[in-house]
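Novice: Build me a model:
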Amino acid sequence: MGVVVLLAMIVVVLVWVGLVMALAPRQGRHNLQQHFPATVEPGGPFVQSNVLFVPDESHTPCIAKATPAGLYLASPEKAFAMRIWGVTGPSYLTKPVLIPWSALKYGLAKFPLWGWVRFDVASAKVTFFVRRKVAAELLQTAGQPLPWVSPAG
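Specialist: This next block holds a predicted model:
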């Protein structure tokens, strides 16, 4: 009987590992890191922010900077170093990304995320949300239009 239980536990663990590996490419953070790896960290000050990736239910602590080339996102080294393996909590970007403005579509988020801005990266099949105040600062820094201001003024 003990061998059967041990084999059943091994099968369950293998199925769980297989599901995690199979679903990893569908995660937004993974897709961004595959499609838009940052080769250089932009200089200057960064904005601290929590980013919500769909369909995750947890936040990703990030430092962000808007450049003329695009939106740079990375998990702060300090937070990334303090993570505890095997404990649920925030997820991290293991590699920094630089998403070109041409790949980003953004607009105000709808219920239930009022007060957030929704960013879509269709080519990587990724959607993420940034608080409106932080998004405004980033977009203005890069000279990008704010989604809640009409073009006429």
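Novice: Mind jotting down where the helices sit in this structure?
Specialist: Per DSSP state H, the chain carries helices over the ranges 2-23, 28-35, 77-81, 132-141.
Novice: least reliable of these going by mean pLDDT?
Specialist: Note on those: helix 77-81 shows the lowest mean pLDDT, a mean of 68.
Novice: Quick one: neighbours of the residue lying closest to Val54 once chain neighbours are set aside, just the number.
Specialist: Nearest residue to Val54, sequence neighbours excluded (CB to CB, 6 or more residues apart in numbering): Thr127, at 4.3 Å. Every C-beta, even on glycine, is put in place using the N, C-alpha and C of the backbone. Using other CB atoms under 10 Å, Thr127 has 17 other residues around it.
Novice: Would you mind confirming that Thr127 is in contact with Leu113?
Specialist: No - contact criterion CB atoms under 8 Å: Thr127 and Leu113 do not qualify, at 10.9 Å.
Novice: returning to what we had before: for the helices of the chain, which one sits closest to Thr67?
Specialist: With CB to CB as the criterion, Thr67 lies closest to helix 132-141 of the helices of the chain, at 8.2 Å.
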